[in-house]
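>>> build me a model from this:
(chains A and B)
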2 protein chains.
Amino acid sequence: MTTVADLTTLRPGEIGDTVQYSHTPDACVENAALKPAFFEWLCRIGDTTLILGHRLSEWCGHGPALEEEIALTNVALDLIGHAQLWLHLAGEVEAKGRSANDLAYLRDALKYRNALLAELPNVDMAVTTMRQFLFDVFHDELLRHLQDSASPRVAEIAAKAEKEVAYHVRRSADLVVRLGDGSEESHRRMEAALERLWPYTGDLFLCDAVDDAMAAAKIAPRADSLRPAWLAHVNSVLDEATLPRPEGDGGVHKGGKTGKHTEHLGYVLADMQFLRRAYPDARW
Amino acid sequence: MTTVADLTTLRPGEIGDTVQYSHTPDACVENAALKPAFFEWLCRIGDTTLILGHRLSEWCGHGPALEEEIALTNVALDLIGHAQLWLHLAGEVEAKGRSANDLAYLRDALKYRNALLAELPNVDMAVTTMRQFLFDVFHDELLRHLQDSASPRVAEIAAKAEKEVAYHVRRSADLVVRLGDGSEESHRRMEAALERLWPYTGDLFLCDAVDDAMAAAKIAPRADSLRPAWLAHVNSVLDEATLPRPEGDGGVHKGGKTGKHTEHLGYVLADMQFLRRAYPDARW
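Model prediction:
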């Protein structure tokens, strides 16, 4: 049994599925009418942190500098730790009751609910840093709201995760400023990265009946309600970084949260799920 | 039942495992003492064509020009067709009698016997073209010898494959000359590609007890016996291409044929085997 406070022990081939919560009874988790939407919502946040964590882990051994490599790997571990918590809770909520491991390693792309931003390729440090910044600001904003969730378990996970994400966003915002307002080459690359990623940002804020149900039950805010604060934060950092914000509301590419993914996700899953699928009954 | 003459019908997720040979009884296939070495040897050539075919297929949809894309994809299909024949025969020879599909899709990297050259990344058209040329010359030389094999099945597969590979080697040698003796940029890239790949060429010619057993049974020549003709052919094309041959005998990186692979093979297999491992019982 791992406790919520002890999630840094990750093992290859599994994200862990024995999590102990402080709050044992949670009326939201028990509420049968809420289950389908609650499960979907948990997969959205759980899958997004899992896939982005996996993407960042691809830098392991390839970072541009030792310190940056260690930082990226730590952020990756944090995100995979969050995924473990969200997907474990998803399994509890779900009627079928799958484990976090089964949800992570035995679903195919169409069943994944992550935001598109998370699955986009790393490309270079500029794209990786900009993707992280755009997500971190969203993530931090979301987690701060979730600490007031009507679901004690959601609030507990959010409180734990927010401590880490407050650091993520400080770090990535700082890097965006340093690289945007840096050399001619770093500015050019960061501007190109922002142009490339901006059309995927709208996907983070798309809403549907799942958001309505979560908001009505006071479990989570509607995703679109987070956009004004996100935009204000992003704007202020981009200004300081001397990076012009692309036009449009970022709503060109969308659908990740309902299972419509880019071709990239299939390759991420092939890599990520290989071990578990090749050795289905492996134990250590 | 597909016949040897009809192997271009490839289906996604399988390389086919019903192959009909003209020569039904083959004393070499029946010879129990030969089985372990014969199986290993068939995996070496079968895996090499399979992995190189898969690598080339990665260009599908990304080729630099339509004609080149179609040519590359055709070569990929030829090679995967050869893999189908070699691995089917391997399954017949093997005591366990696995199908070509099982051998292709359910073995992990340590059980793969392909030459290292086949698994190296495509990088760019220069590396892809040079890798293909270095392999095609070897492949053509091998297949011409195998047509005299004491195993009628090996001779039959070789006769069929050699017709295609004679074209492969003409095409890749022609491209090496055009790009090597082309623009300053194409020359520079081809030279860099040759420098990068040369240290992996020795691996093609390494010999061990498997070669001894195959040569003693007159099923196949020892791999090292093919090197003089390979080198003469490679030299003449590189001369015409104005490309200097790197120093050394190309024996820096080795071990593919005994299961010691680069990290790249794991990613190739993760991608290649995903469908079969995710849907083990899928049929169409």
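
>>> in chain A, which residue is closest to the centre?
residue A:49 (2.7 Å; C-alpha atoms, centre = their mean).

>>> pretty sure that residue contacts residue A:87?
No: using C-beta atoms under 8 Å, residue A:49 is not in contact with residue A:87, being 9.1 Å away. C-beta coordinates here come from the backbone N, C-alpha and C atoms, glycine included.

>>> wasn't the residue nearest to the centre of chain A part of a helix?
Yes: assessed by DSSP: H, G, I helix; E, B strand; the rest coil, residue A:49 belongs to a helix.

>>> can you tell me the closest non-neighbouring residue to residue A:238?
residue A:245 (5.4 Å; C-beta to C-beta, 6 or more residues apart in numbering or on different chains).

>>> from residue A:231, how far out is the one you found?
With distances taken as C-beta to C-beta, to the nearest Å, residue A:245 is found 9 Å from residue A:231.

>>> neighbour count for these two, which is higher?
In this view residue A:245 and residue A:231 are compared by other C-beta atoms under 10 Å in any protein chain shown, and residue A:231 has more residues nearby, 16 against 13.

>>> you'd agree residue A:95 is in a helix?
No: Residue A:95 is assigned coil when assessed by three-state DSSP, not a helix.

>>> ok and the residue in the stretch 1-150 of chain A nearest chain B?
Closest to chain B within the stretch 1-150 of chain A is residue A:108: 5.9 Å, counting by C-beta to the nearest C-beta.

>>> which non-adjacent residue is nearest that residue?
residue B:278 (5.9 Å).

>>> could you do residue A:121 as well?
residue A:264 (5.8 Å).

>>> now that neighbour: how far from residue A:106?
Counting by C-beta to C-beta, the gap from residue A:264 to residue A:106 is 20 Å.

>>> how about the residues of the stretch 101-250 of chain A by chain B?
Residues of the stretch 101-250 of chain A lying near chain B by C-beta under 8 Å from any C-beta of the partner chain: residue A:108.

>>> where do the helices sit along the stretch 101-250 of chain A?
A:116-119, A:125-146, A:152-180, A:184-197, A:209-216, A:227-240 (DSSP state H, counting those that start in this stretch).

>>> which stretch among those comes nearest residue B:183?
Minimum separation from residue B:183 across the helices of the stretch 101-250 of chain A (C-beta to C-beta) falls at helix A:184-197, 26.3 Å.

>>> which residues does that closest one contact?
Outside helix A:184-197, the residues that touch it by C-beta atoms under 8 Å, 6 or more residues apart in numbering or on different chains are A:117, A:120, A:123-124, A:126-127, A:129-131, A:134, A:176, A:179-181, A:238, A:241-246.

>>> of those, select the buried ones using a ChimeraX command.
Buried members of those, defined by 16 or more other C-beta atoms under 10 Å in any protein chain shown, are picked up in ChimeraX with:
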select /A:117,120,126,127,129,130,131,134,176,179,180,238,241,243
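
>>> what's the closest non-adjacent residue to residue A:71?
Residue A:71 sits nearest to residue A:171 (C-beta to C-beta, 6+ apart), 6.5 Å away.

>>> that neighbour and residue A:72 touch, don't they?
No: counting by C-beta under 8 Å, residue A:72 is not a contact partner of residue A:171; they are 9.7 Å apart.

>>> who has more neighbours, the two?
residue A:72 (25 against 18).

>>> is the nearest residue to the more buried one once chain neighbours are set aside in a helix, a strand, or coil?
Sequence neighbours aside, residue A:59 is the residue nearest to residue A:72 in space, at 4.8 Å (criterion: C-beta to C-beta, 6+ apart). Judged by three-state DSSP, the three-state class of residue A:59 is coil.

>>> winner for burial among the helices of the stretch 101-250 of chain A?
Neighbour counts (mean count of other C-beta atoms under 10 Å in any protein chain shown) averaged over each of those peak at helix A:116-119, with a mean of 26.

>>> for that one, which helices and strands make contact with it?
On a contact count with 3 or more C-beta pairs under 8 Å, 6 or more residues apart in numbering or on different chains; DSSP states H and E, helix A:116-119 meets helix A:35-57, helix A:125-146, helix A:264-278.

>>> packing partners of the shortest one?
Judged by 3+ C-beta pairs under 8 Å, 6+ apart, the packing partners of helix A:264-278 are helix A:35-57, helix A:100-105, helix A:116-119, helix B:264-278.

>>> switch those over to TSV; also include mean pLDDT and distance to residue A:142.
Formatted as TSV, those follow (pLDDT from 0 to 100; distance: least, C-beta to C-beta, whole Å):
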stretch	mean pLDDT	distance to residue A:142
helix A:35-57	98	7
helix A:100-105	95	20
helix A:116-119	98	13
helix B:264-278	94	31
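
>>> quick one: those as a markdown table, columns for distance to residue B:29 too.
Shown next, in a markdown table, are the helices and strands packed on helix A:264-278 (distance: least, C-beta to C-beta, whole Å):
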| stretch | distance to residue B:29 |
| --- | --- |
| helix A:35-57 | 45 |
| helix A:100-105 | 40 |
| helix A:116-119 | 47 |
| helix B:264-278 | 26 |
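
>>> for the ones you listed, which one sits closest to residue A:29?
Between the helices and strands packed on helix A:264-278, helix A:35-57 lies closest to residue A:29; by C-beta to C-beta that is 7.6 Å.

>>> that closest one packs against which elements?
Helix A:35-57 packs on helix A:66-93, helix A:100-105, helix A:116-119, helix A:125-146, helix A:209-216, helix A:264-278, going by 3+ C-beta pairs under 8 Å, 6+ apart.

>>> can you pull the buried residues of it?
A:37-57.

>>> report the distance from it to the chain centre.
6 Å (C-alpha atoms, centre = their mean, to the nearest Å).

>>> with just CA atoms, put it into CSV.
Output of helix A:35-57 as CSV, limited to C-alpha atoms (Å, rounded to 0.1, in the frame of the first residue of the first chain):
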residue,chain,number,x,y,z
LYS,A,35,-20.3,7.6,-12.2
PRO,A,36,-20.1,7.8,-16.0
ALA,A,37,-19.3,11.5,-16.1
PHE,A,38,-17.0,11.4,-13.1
PHE,A,39,-15.0,8.5,-14.7
GLU,A,40,-14.7,10.4,-17.9
TRP,A,41,-13.5,13.5,-16.1
LEU,A,42,-10.9,11.6,-14.1
CYS,A,43,-9.6,10.0,-17.3
ARG,A,44,-9.2,13.4,-18.9
ILE,A,45,-7.0,14.8,-16.2
GLY,A,46,-5.3,11.4,-15.4
ASP,A,47,-4.5,10.7,-19.1
THR,A,48,-3.3,14.2,-19.7
THR,A,49,-0.8,14.0,-16.9
LEU,A,50,0.2,10.4,-17.8
ILE,A,51,0.9,11.2,-21.5
LEU,A,52,2.7,14.5,-20.8
GLY,A,53,4.7,12.7,-18.2
HIS,A,54,5.7,10.0,-20.7
ARG,A,55,6.6,12.7,-23.3
LEU,A,56,8.9,14.4,-20.8
SER,A,57,10.4,11.1,-19.9
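
>>> the inter-axis angle of it versus helix A:125-146?
150 degrees (axes from the mean of the first three to the mean of the last three C-alpha atoms, to 10 degrees).

>>> show me the shaky parts of chain A.
By pLDDT under 70, the weakly predicted segments of chain A are A:1-24, A:284.

>>> how does it look with 50?
Residue ranges of chain A with pLDDT under 50: A:1-13, A:17.

>>> report back the residue of it that's furthest from centre.
residue A:184 (31.0 Å).

>>> if we can go back for a sec, out of the helices and strands packed on helix A:116-119, which gets nearest to residue A:161?
Nearest of those (C-beta to C-beta): helix A:125-146, 5.4 Å.

>>> before we move on, back to that, any chance of the helices of the stretch 101-250 of chain A in TSV, plus distance to residue B:203?
Formatted as TSV, these follow (distance: least, C-beta to C-beta, whole Å):
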stretch	distance to residue B:203
helix A:116-119	36
helix A:125-146	34
helix A:152-180	42
helix A:184-197	38
helix A:209-216	53
helix A:227-240	50
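
>>> sounds good, over and out.
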